[in-house]
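# sequence? don't have it. structure:
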């Protein structure tokens, strides 16, 4: 059974710093990996999706990398801003199935950017 | 563009009462639909998913059931709520018909408190 772990569970940094969030998964045979953002009391917003054939995906100040062989992904946030404060979640679909199966999520990293 | 709605936004129910949460998607046809639950201190857990009208797959044995009476409508129900049913319920969708998992889009969620 796939397990997803995110480290650290919480992180607090001053505004302007670059930071890295980590995600690891036990079964490396994945189709893709998604990073989400969740603001308090809200639904999830998709940030980046990396296909298994890709090693990186970028959107603005966000860069996500994927190393399938080691079962790891990182989310890099450049020049952090107070508006980046949120919980960041990574998730992977199951190895088998018809493509409609749900995602397995990590418990998330709670990020606070201090003004 | 596609939009996903959930209601109600918040619900407080006594133990033993029935439950009905609704999710609808606009702007797409034949989506795959999902129900997740996010309980305090725990990660997101997949409850049900559906690839079409009347087709429901359950991931976790529980006190809940799901139905899909229309293409873009997904309903989560219970006949008798338990205290452990409290949590944040999220509906999500992806494009249907594909073999690979694509980006999942989430609704705003329903916060359920069972007393």
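Arrived safely, thanks for sending. Remember, predicted model here, so these are calculated numbers, not experimental data. Numbers count the residues shown, from 1 in each chain, chains lettered A, B, ... in the order given.

# For chain A, what lies in contact range of chain B?
Near chain B, the residues belonging to chain A are A:4, A:31-32, A:34, A:36, A:41-46, A:49, A:89, A:91, A:93, A:98-108 when assessed by CB under 8 Å from any CB of the partner chain. Every C-beta, even on glycine, is put in place using the N, C-alpha and C of the backbone.

# Now, of these, which are buried?
In the residues of chain A next to chain B, burial by neighbour count holds for A:4, A:31-32, A:34, A:36, A:43-44, A:46, A:49, A:89, A:91, A:93, A:99-108, counting by 16 or more other CB atoms under 10 Å in any protein chain shown.

# Narrow the residues you listed to those in strands?
Using DSSP state E, A:4, A:32, A:34, A:36, A:44, A:46, A:49, A:89, A:91, A:104-105 are the members of those that sit in strands.

# I'd guess residue A:83 is in a strand, am I close?
No: using DSSP: H, G, I helix; E, B strand; the rest coil, the secondary structure at residue A:83 is helix, not a strand.

# Next one, pLDDT for the most centrally placed residue in chain B please.
Nearest to the mean C-alpha position of chain B, by CA atoms, centre = their mean, lies residue B:35 at 2.8 Å. Per-residue confidence (pLDDT) for residue B:35: 95.

# how close does it sit to residue A:15?
Relative to residue A:15, residue B:35 is positioned 37 Å away (CB to CB, to the nearest Å).

# hang on, the earlier thing: now the ones in strands among the buried ones among the residues of chain A next to chain B in a markdown table, with pLDDT?
Shown next, in a markdown table, are these (pLDDT from 0 to 100):
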| residue | pLDDT |
| --- | --- |
| A:4 | 94 |
| A:32 | 89 |
| A:34 | 94 |
| A:36 | 97 |
| A:44 | 95 |
| A:46 | 94 |
| A:49 | 93 |
| A:89 | 97 |
| A:91 | 95 |
| A:104 | 91 |
| A:105 | 94 |
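
# confidence score at the residue lying closest to residue A:77 once chain neighbours are set aside?
Closest residue to residue A:77 apart from its sequence neighbours, by CB to CB, 6 or more residues apart in numbering or on different chains: residue A:19 at 5.2 Å. According to the prediction, residue A:19 has pLDDT 95.

# And residue B:100, by the same measure?
57.

# cool, and the one 5 residues further on?
With respect to pLDDT, residue B:105 scores 92.

# tell me the phi and psi of it?
phi -110, psi 130 (degrees, to the nearest 10).

# Okay, and the closest residue in space to it that isn't next to it in sequence sits in which element?
The spatially closest residue to residue B:105, leaving aside those adjacent along the chain, is residue B:93, at 5.6 Å (CB to CB, 6+ apart). Assigned by DSSP states H and E, residue B:93 belongs to strand B:87-94.
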